[in-house]
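Q: Quick one, fold the following:
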Amino acid sequence: MADEKEQRYDPAAVETKWMQRWAADSSLYAAEPASGGKPKYYVLEMLPYPSGQLHMGHVRNYSIGDALARHMWMRGYNVLHPMGWDAFGLPAENAALKNNTPPREWTLHNVAAMKRQMQRIGFSYDWATEVTTCLPEYYRWNQWFFLRMHEKGLVYRKKSKVNWCPECATVLANEQVVDGCCWRHEETKVEQRDLEQWFLRITAYAEELLNDLETLEGWPEKVRTMQRNWIGRSQGTEVDFFLEEINHGTGERGNEGTERRRIRVFTTRVDTIFGATSVQLAPEHPLVAALTCQDAGLRAQVAGLIEEQRRAREAGDVGAIEKHGVPTGRFAVNPYNGETIPIWIANYVLMEYGTGAIMSVPGHDERDFEFAKKYAIPIRRVIAPAGGPGNEPSDEPELPFTAEDGLLVNSGEYSGLSCAEAQKRLKDVAVRGGFGEAKVIFRLKDWGVSRQRYWGTPIPMIHCERDGLVPVPDAHLPVILPEKIEITQTGGSPLARVADFVNVTCPRCGGPAKRETDTMDTFVDSSWYFYRYTDAKNNAAPFGRERAGYWFPIDQYIGGVEHAILHLIYSRFWTKVMRDLAMVKNSEPATRLFTQGMVIRNGAKMSKSKGNVVSPDDMVAQYGADATRMYALFAAPPDRDLDWQEDGVAGVSRFLGRVWRLAMRHAAVVKDAATGSHPSSQERSKEWATSSCSGTAQKLLRKMHRTIAKITLDFEGRWHFNTCVAAIMEYVNALQDADAQLGSGEVPSSVLRELLQTLALLLAPFAPYLAAELWVQLGGQGSILRAPWPESDPGLAKENEIEVPVQINGKLVAVVRVAADADGQTMEAAALADEKVKARTAGKTPAKVIVVPGRAVNLVVK
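A: From the prediction side, this is the model:
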């Protein structure tokens, strides 16, 4: 036996040895051809932005995916486990300004540094499939997809009010505005500006994006709910009110002899239309300009409302705006009863929702009620609760009454109808009368992808003086980013100042033309990257259809919940577009989604801005990669936040040292035993049944099989890797408690071999370096990554005896041990024979004995 010094575990030496061996074997983590016949398993963690250094949030995320990938390899699956880099984005431009380093150089330097970190930690990525989104061989396909979408009518350009981040000096999508601030610069207020922008028509898929959430049973309900709310489907009716015209010669109101102008409103409650007491327009509604053109004072008031909306948008909560409005002095005609009602302009009505005009029904809408009370606008009841005799309207509740299960009142011929029936009839009347239609609208808006910055994919469109907008031909792709460029982050896109890039010949007419100088939102890059992994070296297409068809959908996708309504909605949209282009067969990118918790330190999420980041390099240098990643899995369930404690890493490191010393004390015996015959599970069961194994061996084999069953079950379902690690620790404790028996020969060498080799196999997903070294030292054959995952034998895992609590009159008195298969009579006898039970029942006869087989004995004593 080696002395204590020789047994001491040196993680730096062991991990460096195996890291070099693994790096030299390009086939180790490579996926096999589809023709191999193995079931496929595509496990993927969301790719990182190459900021330069991994943080512990990365390590936790990737350790979860890595443990799963290694487990599935050992289960006999053909595993695809790739990694890449979401490499375009603003930080590279910021670095260029700060360090005078070109964005490409800064980015690729960071990619190399983070890749070295990943390799040192031992993540099992197939680097042959690596994707870097800032390289032309990748972003040319962004441009190719843009052109295909343009051909299908899914790309368009228009002037629109956009979210502008002064810090980024670029446009943000609605989803990138969080509480009125930029998603990257959390304290920078977002402004509103009018710019010509490129849009992807994601709303064409809004209904499908919503409905298909029901098929994503393997996604967290929280994520599905967030997406439902963001898509925001509203079903209702569009109705035309009519602008009452004024004879400017006489000042009289009326519509005789004129073509009436329509004001179309959207409502989900057309059953309340007889309660409309005003029509309200958004300040930017097209009709507002006509209604205010001759009234400078009114125009100034409207400008004030627009400014209030702007400030509310910047604050991130337009719904909480203090409601203000101004009357226009004009009136609209209700098409159902001919009633004229005033037209107001209100700051809480949004141009981007519905038609930008609403019918205000203060008796049955809380916002309308608040506005009407403030400005003394009439409030009318037209819905009352049902429930009186004969189901007529019952007592009138306080207004506003917003329930939809009432009956109509004060609504002419429709009075007495249920809300549902009235909605149907009133919609039909509008359709027949030509003044309305059924309508479904969505909160989801088209995806603005224009960005006025340099470090992104150039949009492949050309502005021709003669032919207007002209797509770049496929043969001219990729449109390459120029490398030498001045970045100021002011005055729009830096590309606009590069004459050699901007000035081109029109591919259609041959005349002078200019390139589009906006670049694409970087969420374009991450919307389809996981398909490229399946065919990363393809120069003729984004990927091969057959390869994608084999691997997709992703079996397990892992990432943060913060991407629920950004990346995850966009990637679902992109998949559906590719399906309609006949590139893929699947309609969703991933079957299962897992969102891990954050890593917390000093009460806050780890971030550079808070100065609480822990470097994985420091942890690996001091404690080893295995201890660092194993702690990330052990400290909390993976879906919960992890409160970082360095003492915990040190504790895991000490545990791995104990494992090493335990294994090394018996390695020689185990290695000799490994050269002999290997009995089957059935032979081991027979050996145990005939009691040829000692009690210690039986106990340890039982513990081993229970541990296998526990960890296997967690991988298949709950993913409570913290309890997996705890189960391994308990198993090691049991082995150490029996160390004397293990060394004395009381436990047969074949059993000892199985106990310790199984320990190495169970450790392999969580501490791969140590497991690989133990596997060799204990006589394991081949790579541990391809060794079969151990199977639990239910017979061997079953306890011979169980502990049964005994209660007297509901209070726990004793715990007795009985055979695991003991019947009720045996359990009762054991309970009554216990000394503590005898003392409590002396001189008394139990009035009742209740036995729950295998669980408990309850005595009722009087």
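Q: and residue 622, what does it touch?
A: Contacts for residue 622 (Cβ atoms under 8 Å, 6 or more residues apart in numbering) come out as residue 649. For glycine as for every other residue, the C-beta is placed from the backbone atoms N, C-alpha and C.
Q: For the biggest helix by length in the chain, which helices and strands make contact with it?
A: Under DSSP state H, the helix in the chain containing the largest number of residues is helix 646-674. Counting contacts by 3 or more Cβ pairs under 8 Å, 6 or more residues apart in numbering; DSSP states H and E, helix 646-674 is packed against helix 4-7, helix 616-623, helix 625-634, helix 721-737, helix 739-744, helix 749-763, helix 768-777.
Q: Give me whichever of those helices is most buried.
A: Highest mean neighbour count among the helices and strands packed on helix 646-674 (mean count of other Cβ atoms under 10 Å): helix 625-634, with a mean of 28.
Q: Phi first, then psi, for the nearest residue to residue 276 once chain neighbours are set aside.
A: The shortest distance from residue 276 to any non-neighbouring residue, by Cβ to Cβ, 6 or more residues apart in numbering, is to residue 359 (4.0 Å). Per-residue torsions, residue 359: phi -90, psi 130 (degrees, to the nearest 10).
Q: now residue 266, what's its secondary structure?
A: Secondary structure, DSSP: H, G, I helix; E, B strand; the rest coil: residue 266 is strand.
Q: Tell me the spacing between the nearest residue to it once chain neighbours are set aside and residue 551.
A: Closest residue in space to residue 266, ignoring its immediate chain neighbours: residue 354 at 3.3 Å, by Cβ to Cβ, 6+ apart. Distance, residue 354 to residue 551, by Cβ to Cβ, to the nearest Å: 42 Å.
Q: what ranges of the protein fall below the confidence cut-off?
A: The model of the chain has pLDDT under 70 over residues 1-6, 173-175, 246-259, 314-317, 388-395, 489-491, 609, 674-693, 800.
Q: per-domain residue ranges of it.
A: Following automatic domain parsing, one gets these domains for the chain: 39-144+524-620, 145-201+446-523, 234-441, 643-797, 801-860.
Q: Endpoint to endpoint, the fourth one covers what distance?
A: The first and final residues of domain 643-797 sit 35 Å from each other (Cα to Cα, to the nearest Å).
Q: sorry, back to before: nearest to residue 227, out of the domains of the chain?
A: domain 39-144+524-620 (6.0 Å; Cβ to Cβ).
Q: The residue nearest to residue 276: neighbouring residues, count only.
A: Residues lying near residue 359 (other Cβ atoms under 10 Å) number 25.
Q: again with residue 12
A: 13.
Q: got it, and the one 4 residues further on?
A: Other residues within reach of residue 16 by the criterion other Cβ under 10 Å amount to 14.
Q: Residue 354 and residue 551: who's more crowded?
A: residue 551 (25 against 20).
Q: show me the contacts for the more buried one.
A: 40, 42, 80, 534.
Q: again, but for residue 446
A: 156, 199, 200, 201, 202, 203.
Q: Return the distance of the nearest residue to it once chain neighbours are set aside relative to residue 567.
A: Among residues not flanking residue 446 along the chain, residue 199 sits closest, at 4.3 Å (Cβ to Cβ, 6+ apart). Using Cβ to Cβ, one gets 18 Å for the distance from residue 199 to residue 567.
Q: for the stretch 451-600 of the chain, what spans make up the helices?
A: Secondary structure of the stretch 451-600 of the chain (DSSP state H, counting those that start in this stretch): helices located at 499-502, 529-532, 545-551, 567-580.
Q: Would you format those as CSV with distance to residue 144 included?
A: Formatted as CSV, those follow (distance: least, Cβ to Cβ, whole Å):
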stretch, distance to residue 144
helix 499-502, 19
helix 529-532, 12
helix 545-551, 15
helix 567-580, 11
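Q: so which of these is the most packed in?
A: Among these, highest average neighbours (mean count of other Cβ under 10 Å) belong to helix 529-532, with a mean of 24.
Q: Show me what it is packed against.
A: helix 136-151.
Q: Count the neighbours of residue 209 for me.
A: 23.
Q: Ok, the one 10 residues further on next?
A: Each residue near residue 219 was counted by other Cβ under 10 Å, and the total is 21.
Q: Identify the residues contacting the nearest residue to it once chain neighbours are set aside.
A: Nearest residue to residue 219, sequence neighbours excluded (Cβ to Cβ, 6+ apart): residue 593, at 4.3 Å. Contact partners of residue 593, counting by Cβ under 8 Å, 6+ apart, are 216, 218, 219, 220, 223, 556, 557, 558, 559, 568.
Q: so how far is residue 28 from residue 593?
A: From residue 593 to residue 28 the distance is 27 Å (Cβ to Cβ).
Q: now swap in residue 858 and tell me
A: Taking Cβ to Cβ, one finds residue 858 at 58 Å from residue 28.
Q: what do you get for residue 452?
A: 45 Å.
Q: So between those two, which is more surrounded?
A: residue 452 (23 against 15).
Q: That one contacts residue 492, doesn't it?
A: Yes - if you go by Cβ atoms under 8 Å, residue 452 and residue 492 touch, sitting 4.9 Å apart.
Q: what touches both of these two?
A: What both residue 452 and residue 492 touch, as defined by Cβ under 8 Å, 6+ apart, is the set residue 517.
Q: For the stretch 1-150 of the chain, just list every one of the strands.
A: Per DSSP state E, counting those that start in this stretch, the stretch 1-150 of the chain carries strands over the ranges 40-45, 78-80, 84-85, 131-132.
Q: okay if I get these as TSV plus mean neighbour count and distance to residue 808?
A: As requested, the strands of the stretch 1-150 of the chain are exported to TSV (neighbours: other Cβ atoms under 10 Å; distance: least, Cβ to Cβ, whole Å):
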stretch	mean neighbour count	distance to residue 808
strand 40-45	23	53
strand 78-80	24	56
strand 84-85	24	65
strand 131-132	21	68
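Q: From the structure, what's the count of residues near residue 512?
A: Residue 512, neighbours per other Cβ under 10 Å, totals 12.
Q: Nearest residue to it in space, please, no chain neighbours.
A: Here the residue nearest residue 512, using Cβ to Cβ, 6+ apart, is residue 465, at 6.1 Å.
Q: Residue 318 too?
A: In space, residue 318 is closest to residue 312, 4.6 Å off (Cβ to Cβ, 6+ apart).
Q: surely the one you found meets residue 306?
A: No - using Cβ under 8 Å, residue 312 makes no contact with residue 306, being 10.7 Å away.
Q: Looking at the two, which has the bigger crowd around it?
A: With neighbours defined as other Cβ under 10 Å, residue 312 and residue 306 compare such that residue 312 has more, 19 against 16.
Q: State the helix or strand in which the more buried one lies.
A: Assessed by DSSP states H and E, residue 312 sits inside helix 296-315.
Q: Of the contacts of residue 446, just the buried ones, PyMOL syntax please.
A: Only the buried entries of the contacts of residue 446 go into this PyMOL selection, using 16 or more other Cβ atoms under 10 Å:
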select buried, resi 199+200+201+202+203
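Q: Which members of the contacts of residue 446 are positioned in strands?
A: Among the contacts of residue 446, the residues falling in strands (DSSP state E) are 156, 199, 200.
Q: Let's have those in CSV, adding distance to residue 296.
A: Formatted as CSV, those follow (distance: Cβ to Cβ, whole Å):
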residue, distance to residue 296
156, 36
199, 35
200, 40
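Q: wait, which of these is closest to residue 115?
A: So of the ones in strands among the contacts of residue 446, ranked by how close each gets to residue 115 (Cβ to Cβ), first place is residue 200, at 31.5 Å.
Q: Let me see the contact set for the closest one.
A: Neighbours of residue 200 in contact, by Cβ under 8 Å, 6+ apart: 149, 154, 155, 446, 447, 449, 573.
Q: on that earlier part again, the residue nearest to residue 276: what's it in contact with?
A: Neighbours of residue 359 in contact, by Cβ under 8 Å, 6+ apart: 239, 241, 265, 267, 273, 276, 278, 279, 334.
Q: go again using 6 Å as the cut-off
A: 265, 267, 276, 279 (Cβ atoms under 6 Å, 6 or more residues apart in numbering).
Q: what's the farthest-apart pair in those residues?
A: Spatial extent of the contacts of residue 359 (Cβ to Cβ) is set by the pair 267 and 279 at 11.1 Å.
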